[in-house]
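Participant: Fold the following, please.
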Amino acid sequence: MGDKDILSKSIFKALVRDFATYLFHLPVVEVKLLETAQQRVEERRADLVAKVALADGLPFILHIEIQNDNLAVMPVRMLRYLTDILLENPGLPVRQYLVYIGKKPLGMADGLNLPGLAYRYELIDMHRVDAESLLRQDAPDAWVLAILCDFRGRTPRELVHGILERLVREFWGQPGKLREYVRMLEILGSNRDFEVDIEEELEMLKIEYEKLPTYRMGLKKGEQLGEEKGVAKEKIESARAMLALGFDSTQIALVTKLPMVEIERLRTENSQ
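Facilitator: Residues are numbered from 1 along each chain as shown. Here you go, the predicted structure:
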């Protein structure tokens with residue numbers, strides 16, 4: 001999953017919720033991330049582990065692994081993750097999901113069949129998930145997850161551009177929110193083997209939007225509002241000066257075009 005140390009907990013919590021909702025169809029209502037680092041001879045760390053609760057309120061541990069290579073030992077590794085999680089969280093059930101996003105066809109098993117041991121976990125092959133099914137959702141989180149799916153004939157650039165276009169429209173004027181979703185797109189995109197500079201695509205898209213007539217009209221409207229505010233301020237300052245010189249309200253109204261109510265309000269302020 002890339003360099004986890006530089007990623008915020010809020011992003012990981014969002015990823016857990018999004019995977020659970022849109023890929024595993026679990027109506028998660030609460031997410032609490034859990035520390036998963038365990039030391040033996042080597043260090044290993046599960047990708048995403050969280051204590052979650054469904055609408056019925058019953059908590060369980062949700063473990064998500066994202067894999068872009070076919071590893072024959074993956075079932076054994078998943079079992080080892082499971083035992084560590086169970087030891088750290090006694091009494092809580094665990095649901096494990098292995099999400100495969102590699103370019104080659106899926107070639108991993110979904111568990112182990114050994115004498116006295118039958119072990120299974122859910123195996124999600126993103127090659128079989130149509131990106132369009134997520135793009136049809138009315139949810140930015142689903143659009144971002146589409147980068148992991150089957151592009152169905154689209155080029156990576158086309159898909160990334162389409163996702164970014166939706167995000168920009170959805171969060172125009174909310175740069176912090178837009179940046180959060182773009183960061184999630186970068187995290188997920190780092191697990192796909194394509195050369196698309198997401199930041200570059202975003203900047204190009206912003207430039208395109210700035211050329212749109214609606215955007216330019218918005219800027220012009222903002223400039224007009226600014227000018228109108230400036231004129232109103234000048235009128236008020238003129239009225240204050242005339243009040244100080246002893247002009248009556250009718251004379252001030254004729255000169256400044258301010259309503260009588262506003263002039264009387266200014267007169268009251270001046271007398272205080």
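
Participant: Quick one: the helices in the stretch 1-150 of the chain, in order.
Facilitator: In the stretch 1-150 of the chain, the helices defined using DSSP state H, counting those that start in this stretch lie at 9-18, 74-88, 131-135, 140-145.

Participant: Name the residues of the last one that are buried.
Facilitator: Applying a neighbour-count criterion of 16 or more other CB atoms under 10 Å, one finds Pro140, Asp141, Ala142, Trp143, Val144, Leu145 buried in helix 140-145. From N, CA and C alone the C-beta is placed, and that goes for glycine too.

Participant: Among those residues, which one lies nearest to Leu58?
Facilitator: In terms of CB to CB, no member of those lies closer to Leu58 than Asp141, at 23.5 Å.

Participant: Make a markdown table out of the buried residues of helix 140-145 and add pLDDT and distance to Tyr119.
Facilitator: Converted to a markdown table, those look like this (pLDDT from 0 to 100; distance: CB to CB, whole Å):
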| residue | pLDDT | distance to Tyr119 |
| --- | --- | --- |
| Pro140 | 89 | 36 |
| Asp141 | 88 | 31 |
| Ala142 | 89 | 31 |
| Trp143 | 91 | 35 |
| Val144 | 90 | 32 |
| Leu145 | 89 | 27 |
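
Participant: Could you single out the nearest of those to Glu30?
Facilitator: Nearest member of the buried residues of helix 140-145 to Glu30, counting by CB to CB, is Asp141, at 16.2 Å.

Participant: Leaving out sequence neighbours, find the closest residue to that closest one.
Facilitator: In space, and not counting its chain neighbours, Asp141 is closest to Asp18: 4.3 Å by CB to CB, 6 or more residues apart in numbering.

Participant: Wait, that neighbour touches Trp143, no?
Facilitator: No: the pair Asp18 / Trp143 is not scored as a contact, 10.2 Å apart, by CB atoms under 8 Å.

Participant: for the helices of the stretch 1-150 of the chain, which one sits closest to Ile66?
Facilitator: With respect to Ile66, and counting by CB to CB, the nearest of these is helix 9-18 at 9.3 Å.

Participant: Centroid-nearest residue for the protein?
Facilitator: Nearest to the mean C-alpha position of the chain, by CA atoms, centre = their mean, lies Tyr181 at 2.9 Å.

Participant: which SS class is that residue?
Facilitator: Using DSSP: H, G, I helix; E, B strand; the rest coil, the three-state assignment for Tyr181 comes out as helix.

Participant: okay but it is in contact with Ala142, surely?
Facilitator: No: in this structure Tyr181 lies outside contact range of Ala142 using CB under 8 Å: 11.3 Å.

Participant: which stretches of the stretch 151-272 of the chain form helices?
Facilitator: For the stretch 151-272 of the chain, applying DSSP H, counting those that start in this stretch gives helices covering 156-170, 175-189, 198-210, 213-244, 249-256, 260-271.

Participant: quick one, which of the ones you listed is nearest to Val73?
Facilitator: Taking CB to CB, helix 175-189 is the member of the helices of the stretch 151-272 of the chain nearest to Val73, at 24.5 Å.

Participant: Wait, Asn70 touches Ala109, no?
Facilitator: No: using CB under 8 Å, Asn70 is not in contact with Ala109, being 10.1 Å away.

Participant: Start and end of stretch 78-98, how far apart?
Facilitator: Length of stretch 78-98, first residue to last, CA to CA, to the nearest Å: 8 Å.

Participant: Now that stretch: average pLDDT?
Facilitator: Taken as a whole, stretch 78-98 has a mean pLDDT of 94.

Participant: For it, buried residues please.
Facilitator: Buried residues in stretch 78-98, defined by neighbour count with 16+ other CB under 10 Å: Met78, Leu79, Tyr81, Leu82, Asp84, Ile85, Asn89, Val94, Gln96, Tyr97, Leu98.

Participant: so how far is Asn89 from the second one?
Facilitator: What that stands for is Leu79. Counting by CB to CB, to the nearest Å, the gap from Leu79 to Asn89 is 16 Å.
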